[in-house]
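Q: Okay, structure incoming, though there's no sequence with it:
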């Protein structure tokens, strides 16, 4: 029980540390990431207007690939939607997740497809 409590405290501290530095504006909206066991969800949010500009998830992609490949495909789709919506620069909000694996694959895919962090 102590290990679980300590792990949860570490996650909360990491999330607070990241969120303290990240704030979305009209010029640079926040790109938020949520990672579940099976899917990855991402949205671009303008915090000044409390409005979601673009959203996407790996659920939309029906191909049978591994999770990291699905994250790359999500990054490509999300970047295309963002460019259509007029968003070129974003602030990356990884939440409590490490910059590793699916989160890293998503970020690198977004960068290669036209978004700046």
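A: Yes, it's here. Please read these numbers as outputs of a predicted model, since none were measured by experiment.
Q: buried residues in the worst-scoring helix or strand of the chain on mean pLDDT?
A: The helix or strand of the chain with the poorest confidence is helix 2-21; it has a mean of 85 (mean pLDDT, DSSP states H and E). By 16 or more other Cβ atoms under 10 Å, the buried positions in helix 2-21 come out as residue 18. Heads up, the C-betas are built off the backbone N, CA and C, glycines and all.
Q: remind me which residues of the chain are low pLDDT?
A: The chain contains no residues with pLDDT under 70.
Q: residue ranges of the helices in the protein, please?
A: Remark: helices assigned in the chain by DSSP state H are 2-21, 67-85, 102-112.
Q: Make a markdown table from those helices and add distance to residue 91 to it.
A: A markdown table is the format used below for the helices of the chain (distance: least, Cβ to Cβ, whole Å):
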| stretch | distance to residue 91 |
| --- | --- |
| helix 2-21 | 9 |
| helix 67-85 | 13 |
| helix 102-112 | 12 |
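Q: For residue 50, find the nearest of the ones you listed.
A: Distance to residue 50, taken as Cβ to Cβ, is lowest for helix 2-21 among the helices of the chain, at 15.6 Å.
Q: and the closest one, how far out from the chain's middle?
A: 18 Å (Cα atoms, centre = their mean, to the nearest Å).
Q: Can you pull up the most central residue in this structure?
A: The centroid of the chain falls nearest to residue 33 when counting by Cα atoms, centre = their mean (2.7 Å).
Q: quick one, what contacts that one?
A: 40, 41, 42, 92, 93, 94, 95, 97, 103, 106 (Cβ atoms under 8 Å, 6 or more residues apart in numbering).
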